[in-house]
Each structure stands twice: as structure tokens, then as C-alpha cells.
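In: How does the following fold in three dimensions:
(2 chains)
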Protein chains: 2
Amino acid sequence: MPKVTYKDLGVSPDKPEVEAAISGLNKGLFPNAFCHITPDILASDTNYCNLMHADGVGTKSTIALLMHRETGRLDVFESLAQDSVVMNMDDLLCVGAVGPMLVSNTVGRNAKVFDRSMLRHLIKGYNIFGNKLTEYGASLQFCGGETADLGDVVRSVVIDSTVTTRMERNKVIDAGSIRAGLVIVGLASFGKATYEVSENSGIGTNGFTLVRHELLSPEYRELGSDCFDPDLEMRAFTGRYHLSDILPNALDTTIGDALLSPTRTYYPIVKRLLDEGKVKIFAMFHNTGGGVTKCLKFGRNIRYVKDNLFDMPPIFRLVCDAGGVSPREALRVLNLGQRFEIVCNPCDAEYVIEISELFGVAAKIIGHTEVAENAELSVEFAGETHRFFR
Amino acid sequence: MPKVTYKDLGVSPDKPEVEAAISGLNKGLFPNAFCHITPDILASDTNYCNLMHADGVGTKSTIALLMHRETGRLDVFESLAQDSVVMNMDDLLCVGAVGPMLVSNTVGRNAKVFDRSMLRHLIKGYNIFGNKLTEYGASLQFCGGETADLGDVVRSVVIDSTVTTRMERNKVIDAGSIRAGLVIVGLASFGKATYEVSENSGIGTNGFTLVRHELLSPEYRELGSDCFDPDLEMRAFTGRYHLSDILPNALDTTIGDALLSPTRTYYPIVKRLLDEGKVKIFAMFHNTGGGVTKCLKFGRNIRYVKDNLFDMPPIFRLVCDAGGVSPREALRVLNLGQRFEIVCNPCDAEYVIEISELFGVAAKIIGHTEVAENAELSVEFAGETHRFFR
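Out: Alright, predicted model coming up:
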């Protein structure tokens, strides 16, 4: 069977088109940082800066719909709120933004598909997540948003959030300043953090177009006739699994629950590290679109060497083994077990790991940085060395 | 022929479901104001407040796609950026927010339908609009956003923007404080403002699901097979017009151009009035979803009497005459010529009108406020009195 790629399914993991479209835009105060950073136009203080960040749950929403259709569960929509917020929040963490955050959302729905009760649970999810994080020093102010009935445009539902925050300029962590001789500490996307209520599959909110179609059975073309692009035809739902199947190598977890696992935030860990200030952090990477290769967008004259990745959690093993996804494609699309990376001096790694584990999140040195002519990445994975260039 | 309603097409103009879903949310500092207003969590100044607002172009994007398919024009995507920003900005104007604004967007696209060049023109549109408004004292900082490839969820493209701003609390205009004995000055949605490059049809960015299906010919079911919900079947594109047809009663304007007319901002006018401070403004209403009845959401023990609406501009006449839209439905969905209303003392109306006309925007007293038991609205329209209750 030919290996399927994300691009076959109408998705470009590296977003070259988007990057080209926005290439003329002002790059902000820190052009090489993980997030766009603007001067403090809100309060006109030259010591501060503003950040506004947008992202959403992508096609994960369709898994929630299918799960609801099979089980009647409505809580699946609550966790989409967390997914949607964390996709923003944890990008913002990467530049060191841990202060109060304004959150709003945009929901574009087909009202026949995404109904009032689902919407209510989604909105409830924003509050649940915001309240939970308050215990860890976060301040999320949910400002409402816009729910639009767009059945002519949307088959099911698009759920995006936007987060605005403000921080001191001298606290910005600029990934552009990364250098050789550092270590990359990977923070696990799987397991159960002390601030989570159940085991996390690690899947996050990326790669869902690939994962859904590779894993789920063609039977879902009927139950989910509004959950795929009809142009995909026989490429839609080509797998052999049902959401209610037990995930291989994972006791008591269904594939559906694993896919809908709420995206973990690393806020409590990063907040603690930044507040303490004991460790100098050179860069942080949130492995969303781009997966394990995300770091490659940052830094100059640097080679990232990742030679000690976490063993793949079961959901990723399933995608790579049962699905037709090549190792190289998997690296480019999925976090494969490490969704957050902290780059620091070798002598500080132990402390970073200690704090992460304090919150129940496994962590270890997964790689290091070397001098190189350009920017490149070398990853040991699936018994091979995979090299990527910017 | 039975009169069609917005609800038949899967859209609820009053959004009762959405209101129910968010009813448990914190209503902010000014629960009765036009926008949600939160404490200044960004800069912790009790004299200030924060506003974050989200909205988008809804199904107007599909008209741009159809127009592009017929004419090859790409500039149609530039003006969607203006639509998307003004839908936020002019809501924010209603509470008196005219300070610097951060803008970001979320684009959920089917990459096969909304391609790279369209995206580039959309992004360009944000810059063009931001630069133009700079001349009128606005400061819009575009922070980028998120473009996601979501072909499984989106037939064509969803374009939303989010705007964040900050203002002094004592400058907030709280529509909740509206009272009897005031006049409602309507600002025209049509004509050509001094800051516009061409004649504006007045349509704005609302009511497009209704307008499209009532006006456009069934032939568009083929050219726009991805521009409507297949569940609508024979209710999709039931009109008799083509985008290239000349709009009746309007020289030299096609129906396509009229529909794609960029949503006018009233920023220059409101900014001038607020900066001068000569006039006390009790409330401002941006007639988006809810159309002419928008005001009904605000105030207590008040009757809004609108007995002097503008003559309907040609695009609305076409919708009401040729389309199957009842007068009552039209009032609930469309601005019908007045997209912005300023409520002030009778003695100040003349000055408000003068400033508006200074910017080339026709204005006049379209109604007044009276004491009532509850909140109600009475509108003279199409030879009848239409009454609405909250």
C-alpha cells in the first residue's frame, strides 16, 4: 500500500502557502521568536509588549461529533474548549508569556449538526478549563466570542480561540537566540499530569486529518457523512478501527477516548520555572503543526540533534503501525510523545526535569544543539536517522 | 409563493440558542453595554478596561468566490478583510472604543477552494484597510493569525477576525443607560463616504444567507456547488439574477459589486465626535445581525420609535421586491439603509448629522425613544407599523 501523506488529504503540515501569503507582514519586535510580538499599543509602555494569538481545534471537532453520535456523550465538546485554548496558550508559553490572558472564540457552525446543547457544553468547557488553571497561577478571562450559523460554508463546526496577553519585553524568550551546546529537554505529551483528571494519550490537537482517515473504518463514511470532504472519496476513513475499540497496548482506553484526550497544557510547569528563575531558558518549542520538526523553524547555524525521543505512546504506535504513515511523515505531523521542549544549558536539565516530574509529566533530555552551516534537524526514529533542512 | 425566512435557511437572526448557551457567563463590567467589557487584566489599572471582540464575514465569502470564478478578480478577497475587521471595529465603536486595536484573524479553508493567491489578497486587504484608517486617527496593529486547512470541515472558507483594545472606564458608552426623550440619528450605509473609493451599496456583512438564496439564480448551484449546504436542495439559489446583472435603480453597478461592497466603517465619524466631546452620546448601535431591530436588545422601559427610515437603497429594494422576503423579516435581518445609529439629545442631533455629512455619510433623525413598560420597538416600514418586543 502506498504511504499516504498529509498533503494527499489536502493539508500542508509546513504551511508554505500560508508563510508565503504573510511574508510581507511586519514581523514584530522579535522576528525570530516563537510568537508574533507587537509593541505595547494597548498601554503605550515601551518596557512592555502585546501578544495576540489565534488557533483552533481543526478537524478534531469531527471526532467529538462521531463520538457523540455513538455514545450520546456531551462532555466531548467541553474538552474541545481546552484544546482550543491550549493551542494558543502553550504557543504563548514558548516566549515566556504567563501573565493574565483574555480569551475569545469564534464558532462557525452548521446549526443542524452542531446544536444548542453541544454549544452549551463547549462554552462550559472554557469556564471549566479557566477555573482549573487558576489553581496554577493562570488568569484566563473569557470574553465571549462569536457563534455564526454558516451551514452553506461549514459542514460541521469550526472552533477557534484567540488569546491576548501583555508582558515585559525583557522577559521575552526569543528562540532566535538559540545556540550550539545546549540540551533539549522533552516534556511528555502522554501519562497523567497532577493537574489532569485522566490518562492523556498525548495526541494533542494536530495531525487529525491524517490520523482520522488512517485509523477509522470506512463505516464512518455513513455515520460521519458530514465529517469529511466528499472529494476525498476512497481516501476518507480507510482504516480498520472503531472509536469504541480498545487502543492496542493501552489498558482500558478506547481509540475514541485516546483521540479526544484533551490537549495538555504545560502552563503549570513553565510558570513555575519562570517564576523561580533558577534556570536560564534559551527557547521553548510547542510541537503542534510540524510535529517533532517544529524546532527547525527557529535559530541560525544550528543543528538540532534528537537522538533520544520518548518511546511512542500507543496512539502514535497505532498510527505508524496500522496506518500507512511513514516515519518521516509522522515526524513532520505528530509530536510522537514530546509535545513541549525546553532548551537549556546541560547543567540545568536535571532541574527542569525535576520540576516537570513534580507535576507528573515525564521529561528527559531528548537531544542537543550543534553548530551547523544552516538550520537542520537530525532525528533518530524507527531505527533510522532522518534529516530535515529548513 | 410562501415568504422565506432566515430560519428556513438554517440561520437564526436573533441567536436565541447562542444567547442561551452563553447565559451563564460573566457579563463583565457593563452588562448592558453593546460589547462585553472586562476589567483591565492586561495592565491592572482600575481606571481602564479591556475589550476583546470576535466576528467574521459569514457567508459573504462565497459571493467573493463566485465573483472570482466569473471574472477572475482577486481584489474581491481584499475587501473581505475590511468586512471582517469592521464587523468588530464598529461594534467596539458603539461603546466608545476608538483607541489602538490589535487585530488577528482565523481562516479555516478548504485549500482546494480557497487557494494561495486568494489568501494573499485577503492578507493584503488587512494591511490596505489598516493603512487607510491611519489617516483618520485609527491605529490597527495586525498581529497575523491562523490559517488552517480544514477541507473535511469547511466547504469553502471561514474568515473571522478578533480585535482587542483597552480604554478608560469613564469613557465607556453604556447602552444600558439609554432613556426616553432622545432621538435616534441614523447614519447611512449607502452612498460614498469621503474615505471610500467607490459607491457603497449599504449591504454590509449581514443577511447574506437570505440575500444570496433569494436573489441568485439556480444556475449558481453548479458554479457554486461548494457554496451552499446540499441539504437546502431546492431552497438554494432560488432567485433570478446573476452577479453580472445591473442592479435595478442603480446605474453602472452590478449585483455582484453591490453584494461585495466593503462594509463601511463609521470610525472616522465616531472618532471625531468623541474626540471633540461636544455632544453627549447615550448609545450607539451597529445594525448587524438583528438589522433594524438591533436596538431592542438594549435599555429598559423604553420604546424605540423609528418612523423616518432612509428610503431603501437599491440592493435592499431588490431583496424585498424580487426576493420573497417579508418586510418584518427584512427588518430583523438587514440594515435597510441605516447601519449605524447614534442616540443623543434632540438638540445635539443637528451637530451629529453635520459631522456625518462632513465625511460624506448621509444622516438624519430616524426615530426617538419613549417610555414603555418593557423594551419594544415600533417601525414604520413598507406602509405599515411593525412592532417588536424583546
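In: Strand partners (parallel or antiparallel) of the top strand by length along chain A?
Out: Counting residues, the longest strand found in chain A (DSSP state E) is strand A:157-168. Sheet pairing of strand A:157-168 (DSSP bridges) gives strand A:48-56 (antiparallel), strand A:101-109 (antiparallel).
In: State the mean pLDDT of that strand.
Out: Model confidence over strand A:157-168, given as mean pLDDT, is 98.
In: Pull out the buried positions in that strand.
Out: By 16 or more other Cβ atoms under 10 Å in any protein chain shown, the buried positions in strand A:157-168 come out as A:157, A:158, A:159, A:160, A:161, A:162, A:163, A:164, A:165, A:166, A:167. (Each C-beta comes from the backbone N, C-alpha and C, glycine too.)
In: Flag every residue of the stretch 201-350 of chain A that's near chain B.
Out: The stretch 201-350 of chain A comes close to chain B at residues A:209, A:212, A:227, A:228, A:229, A:231, A:232, A:236, as judged by Cβ under 8 Å from any Cβ of the partner chain.
In: where's the first one, which helix or strand?
Out: Just to be clear, that refers to residue A:209. Element membership for residue A:209 (DSSP states H and E) is helix A:208-215.
In: which strands and helices sit next to the helix or strand following that helix?
Out: The element immediately downstream of helix A:208-215 (helix or strand, assigned by DSSP H and E) is helix A:220-223. Counting contacts by 3 or more Cβ pairs under 8 Å, 6 or more residues apart in numbering or on different chains; DSSP states H and E, helix A:220-223 packs against helix A:60-71.
In: quick one: low-confidence parts of the stretch 51-200 of chain A?
Out: Applying pLDDT under 70 to the stretch 51-200 of chain A flags no residue at all.
In: now the strands for it?
Out: Using DSSP state E, counting those that start in this stretch, the strands of the stretch 51-200 of chain A run over residues A:101-109, A:140-149, A:157-168, A:183-188.
In: From the rest of the structure, what touches the last one?
Out: Defining contact as Cβ atoms under 8 Å, 6 or more residues apart in numbering or on different chains, one finds that strand A:183-188 is touched by A:202, A:266, A:269, A:295, A:304, A:306, A:309-310, A:337-346, A:349, A:352-353, A:356, A:361-369.
In: Show the buried residues in these.
Out: Among these, those that count as buried by neighbour count (16+ other Cβ under 10 Å) are A:202, A:266, A:269, A:295, A:304, A:306, A:309-310, A:337-344, A:349, A:352-353, A:356, A:361-369.
In: So which of the residues you listed sit within helices?
Out: Judged by DSSP state H, these include A:269, A:349, A:352, A:353, A:356 as members of helices.
In: which of these lies closest to residue A:132?
Out: Closest approach to residue A:132 among those (Cβ to Cβ): residue A:269, at 14.8 Å.
In: quick one: contacts for the closest one?
Out: Counting by Cβ under 8 Å, 6+ apart, residue A:269 has contacts A:187, A:355, A:356, A:359, A:361.
In: can you check residue A:276 too?
Out: So residue A:276 contacts residue A:355 (Cβ under 8 Å, 6+ apart).
In: coming back round to it: of all the ones in helices among the buried ones among the contacts of strand A:183-188, which two lie farthest apart?
Out: So, these by Cβ to Cβ: farthest apart are A:269 and A:349, at 13.9 Å.
In: Apart from its chain neighbours, what residue comes closest to residue A:310?
Out: residue A:337 (3.6 Å; Cβ to Cβ, 6 or more residues apart in numbering or on different chains).
In: now the strands paired with strand A:157-168 in a markdown table, with mean neighbour count?
Out: Output for the strands paired with strand A:157-168, formatted as a markdown table (neighbours: other Cβ atoms under 10 Å in any protein chain shown):
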| stretch | mean neighbour count |
| --- | --- |
| strand A:48-56 | 26 |
| strand A:101-109 | 26 |
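In: could you dump these to JSON lines with distance to residue A:81?
Out: What follows is the strands paired with strand A:157-168, written out as JSON lines (distance: least, Cβ to Cβ, whole Å):
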{"stretch": "strand A:48-56", "distance to residue A:81": "11"}
{"stretch": "strand A:101-109", "distance to residue A:81": "8"}
